[in-house]
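**Student:** mind folding the following:
(one chain, ligands or ions: 1)
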Amino acid sequence: MKLVFSVLFSCFLLVSLQAQGPQNWEGKFEPIDRMIEPPSPYRSASGAPGKAYWQQRADYVIKAELDEKNNMISGEETITYHNNAPEDLSYLWVQLDQNVNRKENEDFGEVMGTVRDSMTTRHMQFLTRAIDFPAGYTIKYVKDANGKSMNSLVNNTMMKIRLDQPLKSGTSISFSIAWSYPITDRSLYLLSREGYEYFPEDDNTVYLIAHWFPRMAVYNDTEGWQNQQFQKLGEFALEFGDYDVEIKVPADHLIAATGELQNTDAVLTAEQRKRLDQARKSFDAPVMIVTPEEAEANEKTKANRTKTWKYKATNVRDFAFASSRKFIWDAQAVQFSDHITMAMSFYPKEGLPVWSEESTKAVVHALEVYSDATFEYPYPAAISVNTSNIGIEFPMISFNGGRPKNGKISELAKAGMISTIIHEVGHNWFPMIVSSDERKWMWMDEGLNTFIHQRTLEERYPQFNHTTPKTIVPYMSGDKSIMRPIMVTSDNELLQQIGANFYQKPTVGLQILRNSVIGRELFDEAFREYANRWKYKHPNPADLFRTLEDATAADLDWFFRGWFFTTDQTDMELTNVKWFKVLEKDINLEGETQKVNLKIGGESAGEQAKDFTSGPEDITMISTPDANYGQFLSRLDETELRKQLADKNIYELTIKNVGGLVMPVTVEWEYTDGTKEVDRLPADIWRLNEHLIKKTFIKEKEVKQVHLDPNFEFADIDMENNSFPKKEEPSEFDKLKQ
Ligand SMILES: [Zn+2]
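**Tutor:** Got it, this is the predicted structure:
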């Protein structure tokens, strides 16, 4: 073969390059194929659902009643479960999430740490549940479609329903469950996603009712039954279906819920209906449906009668609602290409004035930016309900913390409240529609959602702080002994690390890919592709990783491997910069070429200079001997080459990968004339040596200072070692003076 010589020659070059640094190769650029699920007929190697992709479906008909006097809720539901799996099922698993609140399931002791010398009573209650309270389901019956009792067994938060006949592939089963449970006081819990909040001043309650009815567990091609117990941190995995829900509440309550209200005439006044019609045509400001004055009057009524609110929701994975006589209600329309969505807020007077000013506005911003980044919001409503603390999402409705004190709220708290609303409304996309398994991979919905949530803040609220790669530095430079990779299952992460590892780190990872690795246009297209491929489906991490590569032609395995599967850090050290100039007097050397030493790089260049003060080192360039051209008869124009290099400054950078993550490198040159220039090197520069690289640049101007990652694009955890000459450390005296 004619190529043999040149192949041998380049092999030799590779070996000599690699000899420059440490040899322990860690395969940082190797494919991640063996670390993720292999493709199958159900999930293709491109990251898209395969031809044989299937998914179960669960439709619900629910009739429930809220008992305000006893803080109880009870209901009867009929589930129609469609087995689209290729296999038959001999039993079903139903989630009983409320059982997590039973005393024997409380393990917040570990979450809250140990007993200390001085503790608040509330803290002590979290730890000990000294004041006990009832919690968990009473299951009245489980019956088949003929009314015959079904054989079931409860294991903690999961109920197994044994079937007399296996549920054949491609068939459906309908069965009914009657249940009740005591609604718990949200103030008695640390992670109080749902429950009631009591307002002693006017003797009223706001009910936030969620994971309230027995729900089908997910059964899929990679997990079988996802029946991992609910332990409060790892959230939910749910099937899509249609909901038909009737809720009986005191007649003076106002309900906010998933879905579309079906019996407006029976539950709303003529005036409220008229205002709602106005709101449907109001695209630039919210319309008050229930005013603060009306809500305050309502607080005093305490009706004995009841009213039943009827809802329908199509193609949702869950249903939640809020109910109270305290609610103020405003609404605004958002126009999409083929439908209108009502952006709405429900809040007690305690949320005024900031809730009437900001909540619905924030819902609209979220709907617009997320729709642009993924796909149009498909549902008829998007509701933000005010609560005392935290934020939690459901299809079309979210419960969001943040209230003023005595009518006043700090700018920071207001930003936090708006940010929460955007985040929870954003969860409609991840995981309510792009329905990943929250119980297993918290980062998949929290990370992707926080990424677009931060983009919404950046675009619509530029005055607020938002996440950037710099945000994650304190976490990533933290104590490694308590650090897990992002690819750790939800319940195996520490409560204090969740925000950083499942929200911020994936967000920053996607920001790095978007802004500094792939580029915005192509990244946004790939992200949109992922969202569209998996809407109303159940994606796994592999489907995301594969789609981001498939749609961009970027090999990102090095990034996924490092950022998602390890706790390595970005820490580039600019170890050395050597400055060279081509020696002019050598230009016309003829016949003596063999005697001259080639002095580029290498340790032979003498002692390492700490800065540029001793001037450039000389490079003696010799003519290329004929033998080096091999069979080529043509020759390089040496005069032109020498002309090109004459007077130029040649800089050789030595960069060490201290943190372990391979990353692109941006180099900022600060010239002696005060101007600056940036060169960008792709992560590929680390392919042949993952620990130490050298790179040569030719510059017209003389360099005063060289910096790596000047714009904090890559979350470099130590900027002190990013410059040459080394930046002067401020003395202790200077620090004190500052
Ligand atoms: Zn979230």
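
**Student:** need the three-state assignment for residue 413.
**Tutor:** helix (DSSP: H, G, I helix; E, B strand; the rest coil).

**Student:** with adjacent residues omitted, what lies nearest to it?
**Tutor:** residue 402 (6.5 Å; Cβ to Cβ, 6 or more residues apart in numbering). (Each C-beta comes from the backbone N, C-alpha and C, glycine too.)

**Student:** these two touch, right, residue 563 and residue 507?
**Tutor:** No. Contact criterion Cβ atoms under 8 Å: residue 563 and residue 507 do not qualify, at 11.3 Å.

**Student:** residues in contact with the closest residue to residue 416 other than its chain neighbours?
**Tutor:** Spatial nearest neighbour of residue 416, chain neighbours left out: residue 402 (6.1 Å); criterion: Cβ to Cβ, 6+ apart. Residues near residue 402 by Cβ atoms under 8 Å, 6 or more residues apart in numbering: 354, 386, 409, 413-414, 416-417, 420-421.

**Student:** just put those residues in a markdown table and tack on distance to residue 52.
**Tutor:** Shown next, in a markdown table, are the contacts of residue 402 (distance: Cβ to Cβ, whole Å):
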| residue | distance to residue 52 |
| --- | --- |
| 354 | 51 |
| 386 | 45 |
| 409 | 53 |
| 413 | 51 |
| 414 | 50 |
| 416 | 45 |
| 417 | 46 |
| 420 | 40 |
| 421 | 40 |
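
**Student:** closest one of these to residue 208?
**Tutor:** Closest to residue 208 out of the contacts of residue 402 is residue 386 (10.1 Å), distances taken as Cβ to Cβ.

**Student:** please name the bridge partners of the closest residue to the closest one other than its chain neighbours.
**Tutor:** With sequence-adjacent residues excluded and distances taken as Cβ to Cβ, 6+ apart, residue 386 is closest to residue 347, at 3.6 Å. In this entry, residue 347 is beta-bridged to residue 328, by DSSP bridges.

**Student:** in the protein, which helix or strand is least confident?
**Tutor:** The helix or strand of the chain with the lowest confidence, counting by mean pLDDT, DSSP states H and E, is helix 4-18 at a mean of 41.

**Student:** which is the next helix or strand following it?
**Tutor:** Per DSSP states H and E, the first helix or strand lying C-terminal to helix 4-18 is strand 57-67.

**Student:** assign a three-state SS to the most centrally placed residue in the chain, would you?
**Tutor:** Here the mean C-alpha position of the chain is nearest to the C-alpha of residue 447 (Cα atoms, centre = their mean), at a distance of 0.8 Å. Counting by three-state DSSP, the backbone at residue 447 sits in helix.

**Student:** so who does it touch?
**Tutor:** Contacts of residue 447 (Cβ under 8 Å, 6+ apart): 486, 502-503, 505-507, 509-510.

**Student:** in TSV, list those along with secondary structure and distance to residue 666.
**Tutor:** Putting the contacts of residue 447 into TSV (DSSP: H, G, I helix; E, B strand; the rest coil; distance: Cβ to Cβ, whole Å) gives the following:
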residue	secondary structure	distance to residue 666
486	coil	24
502	helix	28
503	helix	26
505	helix	21
506	helix	22
507	helix	20
509	helix	17
510	helix	19
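
**Student:** closest one of those to residue 172?
**Tutor:** Using Cβ to Cβ, the shortest approach to residue 172 within these belongs to residue 502, at 35.8 Å.

**Student:** now do that closest one against residue 117, distance only.
**Tutor:** Noted for residue 502: a distance of 32 Å to residue 117, by Cβ to Cβ, to the nearest Å.
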